[in-house]
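Enquirer: Provided below for reference: sequence and predicted model.
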Amino acid sequence: MSDPKKTFTYKDTKGVEHTVSFAKGDFSLNQLNTKLYDEKMKSKPTTFLKDALKRFAKNKSSVAGAIILGSLLLLSFILPVALPSSLDTTDVNLAKQTFLAPKLFESGTGWWDGCRAYKNITMDFDWEAYEKDGTYSGNPAGEFSSEYIVGEPKISRVGEQKINVYSPYARGGYIRLTTSSQKGAELDSYPTTFRFSDYDYHLSLEVAELPADFTFGTMSPYTISFAYWDHTLSEGDEGYVLYKTALAADETEPKSYDFALSENTEILANTASMSAGADGYLSVELPGDSNAYHSVLLRNLIFSSADAPEAVQKELSNVSAKDANYALGINPTSKDGVKPKYYWRSPRGTKEVYAADIVTISFRYDTYEAAFGDVWTTGIPKTDMKNYVRQGWITCNSIEEFEASKMTDEQIAVFEQSFAMTPEGEKHCPLHIDEEHPIKVSVVKAGKKKAMEFAGYVTRYKLYGYSKMPKFLFGTDVLGRDIVKLVFRGLRTSILLGVIVSAVNLIIGLVWGAISGYFGGTTDIVMERFCEILGGIPWVVVMTLAIVNFSDKMPLIVLLALAMCATGWLGTAGLTRTQFYRFKDREYILAARTLGARDGRLIFRHILPNAIGTIVTSSVLMIPSVIFSEASLSYLGLIKGLSSFGVTLSDNQIYLPVYPNLILFPSVIMALIMISFNLFGNGLRDALNPSLKGSD
Amino acid sequence: MFKYALKRILLAFVTTAIILTLTYFLMKIQPYPQIPGKTDVQLVYWGKQVHLGYVLEFTEPQSNLGKLLWFGTDEKDGVTYYYYQRPIYQQFFQWVANIFTKGEWGTSTRISPNVDAMVLIRSRIGTTIKINVWSVIISVPAGIALGIWAALKKNTMTDHVISTLVMVFISVPSFIIISLLMSWLGYSTGLLPTQWPVSDTATLSQKIRGYIIPVMALSFGSICGYCRFTRAELTEIMSSDFLLLARTKGLSKSQTLTRHALKNAMVPILPSILSEVIGLLGGSMILESLYGIPGVGKLYITSLNLRDYHVLMADMSFYTIIGLVAGVFLDLSYGFIDPRIRMGAKK
């Protein structure tokens, strides 16, 4: 076949002319006898999980929730192991670090710095100095040491703060006498010996007006009397009270009294004891009233004598109550349980101090310095000092000098000066030696021998085994345990419990729901009724029955898990059942069944994969609710002794008024866990069930 | 409808009976509750147990009746009495009979000895109801209003703020909220009492201020719950076709909202309020324990901690019945509120 070539000319874009020529035979059919199939896609196929992950990643808040949740989970496994502080309550050093304040920043920063603010702490006030020249000095009463106060403390003015009970740190005030029933009230002063034949005696006292805000009843009619008694007889005997005179009877007005006792008191019964001088006492009486409380306020109660010798006057001043707080504060039972001869009595009614002056101080206290800082320690054993020298932590003139107990004072002074720390010692040695913190050496007698004793500044955190000043981010609890460690250890337990419970519930619920939903009919009805009855039991009842019957038979965590699984799987079962109902009549199931698929295959290969998203989501969301339930039960005190989150909270609940940080920090972590779990769960649900997206 | 209601109520009865039977037998595993106190108190207690038919009384020790519960001599007639437990199934029937004939649920042994359990519950339910009624009065309107606001401003800043707050408050456990409220309002600022004021000595202002923390603590959760529910329902309805039709017919936005959207949105919300009100009778155990409120919830915890089994049994019955009644109410009220929903109708 002739195949003439044809020639074509064309211009390219630049205007240059080209000539090409070809014949028909130059062409052939490329795919004439080949078979064409669908090619495999070059791009990688996406799986359901990857797709879900992609959808999940789009949801910003859920990702944030997942990150927070993940880091908290990670921390709960790392922190309990990584943190140095011990949780072992038998550790003796823990007792020295109780109730430390949370510390993140350095001390003195003013916030989260390991200092705790104390308001209006009673001050061990130097009253003498104040009375002398009005200076305010003293230390906070109690376990506080003024050297650990950070910043300028605020001291209240005298007269600003009043106290209505006896306090060893208070001054002045009134004696308040209050009736308690229809029996009325009586206040007896210190009794003392009066010798009316020899001296003149004088008594002055003041009955004060009740303040407007007085809460201990109304002003009562009162009687002031003076009595003698024969102390050779006992109370109740005839002739016990020798004479009683009413100095002021049934008064109702506040008034100042001034009695010349010698004039007013006439001695009637002249017994043998009288000549020796009888004991006399002041008595203030209030009549009883069964309907109301009555009070009087007394002050400046002074027995005196102008012409008596010094000793008698001193005894009189002892029995006076110039300072009501002081007079009432003397303990009626002395150390060995024997009552002292003199004390104020109120055989009827109540006596108490009213409106005594007290000085309070408000300050910020560095709890870490107080627990771990340097402290002057005497009696450091020689062996310890020698040990430090041998280990190369401190240096001194020569180690032999430790035995030279016959050194002169000058030699000792040189020896003291020679102590210094090495760089190695700065790290490990509990002693703190520099120019401001010298070592003192003294020679004491120990039996026949003389021995050297050392005193110096000891850095306590080194003594307790810390290499630097510890920082407890959330503070420490009553036993000195680190709250961070405690909280995260508790979190680990709680989450473990949550995972176990929800896994068990998932398995039981899945099997139950699948059977019930797939087979339907009578099986379904019977199983549903069973669930309905079980579901009708309130969870408190389940919990109660578990606690009552099994609390001493199994570990608490198992008990909790069992109780929570007992009715917890019902939700998963119901959900699975609904999902199975939803999918079991679909066409693809029918198709699979027609192809001969058995029940097992239909359930596991065809229905379950479709339903699993919803079911897994509900299981994940069950974890926070388990944590929640556990925490609530522990918080109520029904679960004790578990190392869980709720128990930590519950243990510290009583310290809420004083140390709110013990509740605050764990609460924040708990809230964070709950919020992030919910965010994560919502994101998971949206990602696994795109059709549900947007609904709450 | 009537048939369905009857069926539902009957079913609830059967469920209650089964649960209470189970609970009774599980509680009876424990030893028979003993009462502390002197002979006269003991005699009153055991005499009552005999009268109620749970315990047998003899004047001589018996060998075939199991463990001796208690014995003691009555000083009046000088006779020594010996008490033995009846078989548990007999006690059970007796218990059921006593509930229906005498309204007798058991005798307290620890909380206040020799007082009827029902008397204890009744004396405490008033306080619980008072607190909860206030919480409902505050939380229902507030929650629904917030929900409506959020739904109307959907996807704006307002909505986001409300939704976030709701999410936070729903996530945070109630005991934390209570603790923080107590710490902040009670201890650090001193504005409110830190414990429930004792009713005899408290002044009116103390009493009123005592309500604030518990009502707040109870309301936060409910407000958030109602808000979320309302918002979800309302947003769904706001995007439905019939509302669009109403708008095209010329109704203003507020008219469609009040006349169509809200009415429909309330259908699932009202029953849930009803059932919650009934559920509230049980009180909040955590709140009542923490704030020292002498209510039903605290009674439960106390009886569990003190192992006062008779009160505990009465308490558990009370909670079970409340739960089931609330469930029945929830189911039935749907049909009453929305005539379109025909409960129990076949497809």
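Expert: Yes, it's here.
Enquirer: hey, let's count contacts and neighbours off CA atoms from now on
Expert: Will do.
Enquirer: residues from chain B in reach of chain A?
Expert: B:15-16, B:18-19, B:23, B:26-27, B:29-30, B:167-168, B:171-173, B:175-176, B:179-180, B:183, B:187-188, B:228, B:232, B:286, B:289, B:301, B:304-305, B:307, B:316, B:319-320, B:323-324 (CA under 8 Å from any CA of the partner chain).
Enquirer: And for the residue of the stretch 401-550 of chain A found nearest chain B, the neighbour number?
Expert: Closest to chain B within the stretch 401-550 of chain A is A:Ile533: 5.4 Å, counting by CA to the nearest CA. Per other CA atoms under 10 Å in any protein chain shown, the neighbour tally for A:Ile533 reads 17.
Enquirer: who are the neighbours in contact with it?
Expert: Applying CA atoms under 8 Å, 6 or more residues apart in numbering or on different chains, one finds that A:Ile533 lies in contact with B:Thr15, B:Ile18, B:Ile19.
Enquirer: which among these gets closest to A:Lys462?
Expert: When the contacts of A:Ile533 are compared for distance to A:Lys462 (CA to CA), B:Ile19 wins out at 61.7 Å.
Enquirer: circling back to that earlier point, the residues of chain B next to chain A in helices, which ones?
Expert: Counting by DSSP state H, the residues of chain B next to chain A place B:15-16, B:18-19, B:23, B:26-27, B:167-168, B:171, B:175-176, B:179-180, B:228, B:232, B:286, B:289, B:301, B:304-305, B:316, B:319-320, B:323-324 in helices.
Enquirer: Run through the strands of the stretch 501-650 of chain A in chain order.
Expert: With strands called from DSSP state E, counting those that start in this stretch, the stretch 501-650 of chain A shows none.
Enquirer: which bits of it sit near chain B?
Expert: Applying CA under 8 Å from any CA, we find that the stretch 501-650 of chain A lies next to chain B at A:532-534, A:536-538, A:541, A:544-545, A:548-549, A:628, A:632, A:635-636, A:638.
Enquirer: at 7 Å what do you get?
Expert: Residues of the stretch 501-650 of chain A lying close to chain B (CA under 7 Å from any CA of the partner chain) are A:Ile533, A:Gly536, A:Ile537, A:Pro538, A:Val541, A:Leu545, A:Phe628, A:Leu636.
Enquirer: Which stretches in the stretch 151-300 of chain B count as helices?
Expert: B:157-171, B:174-181, B:204-238, B:241-248, B:253-256, B:262-279, B:285-291, B:296-306 (DSSP state H, counting those that start in this stretch).
Enquirer: Am I right that B:Val133 is in a strand?
Expert: No: under DSSP: H, G, I helix; E, B strand; the rest coil, B:Val133 sits outside any strand and is assigned helix.
Enquirer: That one: how many residues sit nearby?
Expert: Using other CA under 10 Å, B:Val133 has 16 neighbouring residues.
Enquirer: what's the answer for the one 10 residues further on, then?
Expert: Counted with other CA under 10 Å, the burial measure for B:Gly143 works out to 26 neighbours.
Enquirer: how about it, secondary structure?
Expert: helix.
Enquirer: which residues sit in contact with it?
Expert: Residues near B:Gly143 by CA atoms under 7 Å, 6 or more residues apart in numbering or on different chains: B:Ile223, B:Cys224, B:Tyr226, B:Cys227.
Enquirer: try 8 Å
Expert: Contact analysis of B:Gly143 by CA under 8 Å, 6+ apart lists B:Ser222, B:Ile223, B:Cys224, B:Gly225, B:Tyr226, B:Cys227, B:Thr230.
Enquirer: next one: A:Ser320
Expert: A:Ser189, A:Tyr190, A:Leu301, A:Ile302, A:Phe303, A:Ala327.
Enquirer: repeat that for 6 Å
Expert: Residues near A:Ser320 by CA atoms under 6 Å, 6 or more residues apart in numbering or on different chains: A:Leu301, A:Ile302, A:Phe303.
Enquirer: Dump these to CSV, plus neighbour count, distance to chain B and pLDDT.
Expert: Output for these, formatted as CSV (neighbours: other CA atoms under 10 Å in any protein chain shown; distance: CA to the nearest CA, whole Å; pLDDT from 0 to 100):
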residue, neighbour count, distance to chain B, pLDDT
A:Leu301, 24, 35, 88
A:Ile302, 20, 39, 88
A:Phe303, 23, 41, 87
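Enquirer: how about low-confidence regions in chain B?
Expert: Across chain B, the ranges flagged by pLDDT under 70 are B:342-347.
Enquirer: Work out for me the element B:Tyr83 sits within.
Expert: In the assignment (DSSP states H and E), B:Tyr83 maps to strand B:80-85.
Enquirer: Tell me which residues of that strand come out buried.
Expert: B:Tyr81, B:Tyr82, B:Tyr83, B:Tyr84, B:Gln85 (16 or more other CA atoms under 10 Å in any protein chain shown).
Enquirer: show me what contacts the spatially closest residue to the first one that is not a sequence neighbour?
Expert: Once its chain neighbours are removed from consideration, B:Tyr81 has its nearest residue in B:Thr59; the separation is 4.7 Å (CA to CA, 6 or more residues apart in numbering or on different chains). Taking CA under 6 Å, 6+ apart as the contact definition, B:Thr59 lies against B:Thr80, B:Tyr81, B:Tyr82.
Enquirer: So which of those residues is the closest to chain A?
Expert: Checking those against chain A by CA to the nearest CA gives B:Tyr82 as the nearest, at 27.2 Å.
Enquirer: My read is that the closest one contacts B:Phe58, right?
Expert: Yes: using CA atoms under 6 Å, B:Tyr82 is in contact with B:Phe58, at 5.0 Å.
Enquirer: what ranges do the helices span in the stretch 301-450 of chain A?
Expert: Using DSSP H, counting those that start in this stretch, helices in the stretch 301-450 of chain A cover A:310-319, A:324-329, A:367-372, A:382-390, A:409-417, A:423-428.
Enquirer: Of all the ones you listed, which one comes closest to B:Ile208?
Expert: Taking CA to CA, helix A:324-329 is the member of these nearest to B:Ile208, at 37.1 Å.
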